[in-house]
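got a sequence here, can you model it:
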Amino acid sequence: MALVSVIMGVYNCKDYEVLENSINSIINQSFTDWEFIICNDGSTNDTLQEIKKYEKIDNRIKVVSYKENRGLAYALNYCLKFAKGKYIARQDDDDYSELNRLKVQVEFMVNHPEYAIVGANAFVYDDDGIWGQYIVEERPEKASFFWNSPFAHPIVLIDKQALDKVNGYRIAKETRRCEDYDLFMRMYAMGCKGYNIQEKLYNYRIVNNASGKYRAFKYRIDEAKVRFLGYKKMSVLAKGFPYVFKPILIGLIPQFIFSKIRRNQY
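Below you'll find the predicted structure:
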């Protein structure tokens, strides 16, 4: 039985070379005691056929699939049904991990069992290469969730027992674009603690024109609901209430200004 289960959801992949780089970054990890569960989330193009190739390349890779697109939270929960590892690692289909990522995270988790979530910093890249860095707070507290999620979702390693206690990802209308934010707040509400290793162990793909699809106002309202419920569960709503409206206010900023602000963050 593998110590780490890596989980990935894929839907209508647009660039198979980027996908290949992502999958290979797990295959080539210096830490080898893993299984990799890739879920085809109802793709309508050749994504399923493409990812099935990797099952033949490495027997630690398992592809699971269903016909209807259900969203990332459902896909990740579906992966969890097959996961046998003590720890769950995330990986996005358009990012890639540094080759020592799992080794560093697993060693930290084994030596610090008081933490249920272990993240890290990352390089930020696009088609032109690395152009920034994603730096996260080392020891997030409940108040760290006020501004943004203090964990970069695709970089985390999570204790599966703790994940099972909150029943995995919550599937709801309001969690469509922030299933990770919701998950981490529910885990903190349960008493879990998290830590971010201050090393860049991941390469996080962010392109300017990608930010628009996440800024639809309906998603901003959804995030506000997630914030309200999360702060309430963590018993920090009184202090965090003004931040509930942050995503709505950001949604009012013109796209070209938002893109500049976003890029300057890194």
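
what about the strands in this structure?
Secondary structure of the chain (DSSP state E): strands located at 4-10, 34-41, 61-66, 87-90, 96-97, 117-126, 129-134, 157-159, 194-205.

now these in JSON lines, with mean neighbour count and distance to F145?
Every residue, glycine included, has its C-beta placed from N, CA and C. Listed next are the strands of the chain as JSON lines, based on neighbours: other CB atoms under 10 Å; distance: least, CB to CB, whole Å:
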{"stretch": "strand 4-10", "mean neighbour count": "24", "distance to F145": "23"}
{"stretch": "strand 34-41", "mean neighbour count": "24", "distance to F145": "27"}
{"stretch": "strand 61-66", "mean neighbour count": "17", "distance to F145": "31"}
{"stretch": "strand 87-90", "mean neighbour count": "24", "distance to F145": "18"}
{"stretch": "strand 96-97", "mean neighbour count": "26", "distance to F145": "25"}
{"stretch": "strand 117-126", "mean neighbour count": "22", "distance to F145": "12"}
{"stretch": "strand 129-134", "mean neighbour count": "13", "distance to F145": "17"}
{"stretch": "strand 157-159", "mean neighbour count": "24", "distance to F145": "16"}
{"stretch": "strand 194-205", "mean neighbour count": "20", "distance to F145": "10"}
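
could I get those as JSON lines with distance to L72 and mean pLDDT?
Formatted as JSON lines, the strands of the chain follow (distance: least, CB to CB, whole Å; pLDDT from 0 to 100):
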{"stretch": "strand 4-10", "distance to L72": "5", "mean pLDDT": "99"}
{"stretch": "strand 34-41", "distance to L72": "7", "mean pLDDT": "99"}
{"stretch": "strand 61-66", "distance to L72": "14", "mean pLDDT": "98"}
{"stretch": "strand 87-90", "distance to L72": "10", "mean pLDDT": "99"}
{"stretch": "strand 96-97", "distance to L72": "18", "mean pLDDT": "98"}
{"stretch": "strand 117-126", "distance to L72": "18", "mean pLDDT": "97"}
{"stretch": "strand 129-134", "distance to L72": "19", "mean pLDDT": "92"}
{"stretch": "strand 157-159", "distance to L72": "15", "mean pLDDT": "99"}
{"stretch": "strand 194-205", "distance to L72": "15", "mean pLDDT": "98"}
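
who are the contact partners of the closest residue to V124 other than its chain neighbours?
Using CB to CB, 6 or more residues apart in numbering and skipping the chain neighbours, the partner closest in space to V124 is G132 (3.8 Å). Contacts for G132 (CB atoms under 8 Å, 6 or more residues apart in numbering) come out as F123, V124, I206, R263, Q265, Y266.
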